[in-house]
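In: Below are the sequence and a predicted model; questions follow.
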Amino acid sequence: MLGHIESYDEAYQTGIVKSENDYYEFHLNQWTSEAPPSEGDDVEFTHEEGIITEINLVGAYLAENQPVKSRALAAFLGIAFGAIGLQRFYLGYYVIGVLQIVVTLLTGGFGVMWGFVEGVLIYAGHMDRDAKGRHLK
């Protein structure tokens, strides 16, 4: 069955899984994944008479996020077009991108420095993730 960890108490090593409208209790002994359980994880489990016998993370949590966005392109967008926040839009930070446009307009163009500095930080590797938490390639 597929479920969702509603709660997990690390001290007692027990948790609650919700599947559809049913709740199941599990203990760390039934956990088969290398990564520890945490609230919000999607899991696959087997049970007998309402008692979980084996529980594991669903595959999406096991694979590492692969880089999708280019560090060089993000740095170029920041250095060349930072006044309008293009590097932020490219990386998926839409609200901050709009905020950069507003700051540039309100400061008579001095907001350009914000984007330029971010472009340099991206190039240097100090800003190294997109909005979904994936590393830049």
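Out: Now that the structure is in, tell me what you want to look at.

In: Arg88: what's it in contact with?
Out: Neighbouring residues of Arg88 by C-beta atoms under 8 Å, 6 or more residues apart in numbering: 94, 96-97, 100, 118. Every C-beta, even on glycine, is put in place using the N, C-alpha and C of the backbone.

In: mind running it again at 10 Å?
Out: Arg88 makes contact with 74, 77-78, 82, 94-101, 114-115, 118, 131, according to C-beta atoms under 10 Å, 6 or more residues apart in numbering.

In: quick one: it is in a helix?
Out: Yes. Counting by DSSP: H, G, I helix; E, B strand; the rest coil, Arg88 is found in a helix.

In: SS state for Glu118?
Out: Glu118 ends up helix, using three-state DSSP.

In: where are the low-confidence patches of the chain?
Out: Scanning the chain for pLDDT under 70 picks out 59-65.

In: Wait, Tyr12 touches His27, no?
Out: Yes. Look at Tyr12 against His27 with C-beta atoms under 10 Å: they come within range, at 8.5 Å.
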